[in-house]
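*Asks:* My questions are about this predicted structure, shown below with the sequence.
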Amino acid sequence: MRDPWVVVAIVGVATIASKAAGPVLVGRRELPPRLQACVELLAPVMLTALIVTQTFGGDEEIQVDARVAGVGAALIAIVLRAPVIAAMAVAALVTALLRLAV
Amino acid sequence: MTEVATRPRIRDGMRAALPLAPSPILFGLSYGVLADATGFGSAAAIVMSATTFAGAAQFAVASVFDAGGTATAAILAAVFLNARYVAISMTVASIFPGGKARRLVESQAIVDESWALSGRRGRFEWPILVGSGLVFYALWVGCTAVGTVIGGVLDDPNALGLDAAFAALFLALAVPYLRNRRGLQAAALAAVITLVLIPFAPAGVPIVAASAACLLGLRR
């Protein structure tokens, strides 16, 4: 099943509900601290999984190719406090040039 | 003058958003290009920008589709990624005026950037959040639409290194969360789970499985 509209509908409703959760449902109450800690860790966890998949993911195998160099260059740019867009451009440029060269 | 300084208006929020405008413009364009290239479809991409209005999750869906993953994997990855808005919306729960219907609508102005801007004076300010959110929303949806048109012209975005550009985007978004030990440990566990599962599981599943790493938050 790869119907984009199903994804649009379900993710849309879930996101709207997530953003409304605080202002509409909770008001001034707080989540239990342990649950709060788990929710806070979701963002770095999901982002890391995406980085790994996007950098090393192949067709059900781990692939080390031009992307790794591109992402490595982007990491250097980020550490040097380059803007996000610049880091993305560095990654794309390095990867594209390596693909041209190979 | 002093009135404006102490009680900002929606207009002030809109003005505060301008220095950050390049971000939704460029990401909106690149999201439109990518969604179109991965076969997600132009109309679906534009409607998703208008309803979901959360860049990272939308890129995640495009990324799972690009890798050949199922809709279920794409949905779970995006929903887990956006679960952070539950936490973010809790931090600003008390600044929204009016009844529940109005709060529901205005809370949709919450995105990472508008939330960050609204807290810049040490307490969260509703006009800044809603004003800047409106500007980001208009740019995000408009530029997604333009991007899908540009996307039709490109044939192989991966030749341009778009796949690595995505990884770079996620990396830049993740860095602020990795400054504390707990975030770093959870991220490391997520990386291990993902790497171990990639050779065995269908695309998208490793990402969803990695979400279990957030359970590290249960430790005291």
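*Replies:* Structure's in. What do you need?
*Asks:* make it CA atoms for all contacts and neighbour counts henceforth
*Replies:* Noted.
*Asks:* Would you quantify the distance from residue A:86 to residue A:79?
*Replies:* From residue A:86 across to residue A:79, the span is 12 Å (C-alpha to C-alpha, to the nearest Å).
*Asks:* can you tell me if the lengthiest helix in chain B touches chain A.
*Replies:* Assignment by DSSP state H gives helix B:126-151 as the longest helix of chain B. No: using C-alpha under 8 Å from any C-alpha of the partner chain, helix B:126-151 stays clear of chain A, coming no nearer than 11.3 Å.
*Asks:* what do you get for stretch B:180-190?
*Replies:* Yes: using C-alpha under 8 Å from any C-alpha, stretch B:180-190 reaches chain A at B:182-183, B:186-188, B:190.
*Asks:* from these, which ones fall inside strands?
*Replies:* Among those, no member falls in strands (DSSP state E).
*Asks:* Mind giving me the packing neighbours of the lowest-mean-pLDDT helix or strand in chain A?
*Replies:* Lowest by mean pLDDT, DSSP states H and E among the helices and strands of chain A is helix A:33-56, with a mean of 86. Helices and strands touching helix A:33-56, as assessed by 3 or more C-alpha pairs under 8 Å, 6 or more residues apart in numbering or on different chains; DSSP states H and E, comprise helix A:66-79, helix B:71-82, helix B:84-91, helix B:162-174, helix B:181-197, helix B:205-210.
*Asks:* Give me the domain ranges for chain B.
*Replies:* B:2-175, B:180-220 (automatic domain parsing).
*Asks:* okay, now the residue nearest to residue B:142 when sequence neighbours are not counted: neighbour count?
*Replies:* Counting by C-alpha to C-alpha, 6 or more residues apart in numbering or on different chains, residue B:142 lies nearest to residue B:28, which is 7.6 Å off, once chain neighbours are set aside. As a burial measure, residue B:28 scores 27 neighbours (other C-alpha atoms under 10 Å in any protein chain shown).
*Asks:* Give me the three-state assignment for residue B:28.
*Replies:* helix (DSSP: H, G, I helix; E, B strand; the rest coil).
*Asks:* Where does the prediction get shaky in chain A?
*Replies:* Within chain A, the stretches with pLDDT under 70 are A:1, A:27-30.
*Asks:* which residues does the spatially most central residue of chain A contact?
*Replies:* Nearest to the mean C-alpha position of chain A, counting by C-alpha atoms, centre = their mean, stands residue A:47 at 3.7 Å. Contacts for residue A:47 (C-alpha atoms under 8 Å, 6 or more residues apart in numbering or on different chains) come out as B:81, B:170-171, B:173-174.
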